[in-house]
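# Coordinates for the following, if possible.
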Amino acid sequence: MNNNLGLLYYTVIGSVGMAFVGLGIIKLTIVYDDQQGFWIGFLGFLCCSMYIRHLERQVGIQKKYRWLGNGLFIIVFGVVSVWLYL
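Predicted coordinates for the structure are as follows:
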């Protein structure tokens, strides 16, 4: 049981961290109006995200916890991006 809570904790931390990295890329693009930098950052973010999802599968995190992490990522990313836009 303790191992599952640890995996869940790190899944949540990873999802929130990836959301903040993505938001940083978006904010930097808005401030400097740099389209090339946006695409480089976006592709790097996408590659890191895919790698983290692969590692989660390799470690054996259950599918429901991975979906929980993805849902948390979408919620944090959506709320903070709207807040940054306003």
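# sec struct for Ile61, please.
coil (DSSP: H, G, I helix; E, B strand; the rest coil).
# Give me the nearest residue to it, chain neighbours excluded.
Among residues not flanking Ile61 along the chain, Leu7 sits closest, at 5.2 Å (CB to CB, 6 or more residues apart in numbering). Yep, even glycine has a C-beta here, placed from its N, CA and C like the rest.
# Can you list the buried residues in the one helix or strand the one you found maps to?
When elements are assigned from DSSP states H and E, Leu7 belongs to helix 2-32. Neighbour-count burial for helix 2-32 flags 7-8, 11-12, 14-16, 18-19, 22-23, 25-26, 29 (criterion: 16 or more other CB atoms under 10 Å).
# Tell me who's in contact with Arg53.
Counting by CB atoms under 8 Å, 6 or more residues apart in numbering, Arg53 touches Arg66.
# what about it, distance to Leu28?
Arg53 is 24 Å from Leu28, where distance means CB to CB, to the nearest Å.
# number of nearby residues for the residue nearest to Lys27 when sequence neighbours are not counted?
Nearest residue to Lys27, sequence neighbours excluded (CB to CB, 6+ apart): Leu84, at 5.6 Å. Residues lying near Leu84 (other CB atoms under 10 Å) number 12.
# pLDDT (mean, whole number) over the helix or strand harbouring Leu84?
Using DSSP H and E, Leu84 maps to helix 63-85. The pLDDT scores in helix 63-85 average 80.
# Would you mark the buried spots in it?
Leu68, Gly69, Leu72, Phe73, Val76, Phe77, Val80.
# Determine which two of those residues are furthest apart.
Leu68 and Val80 (18.4 Å; CB to CB).
# So which residue is dead centre in this structure?
Met18 (2.7 Å; CA atoms, centre = their mean).
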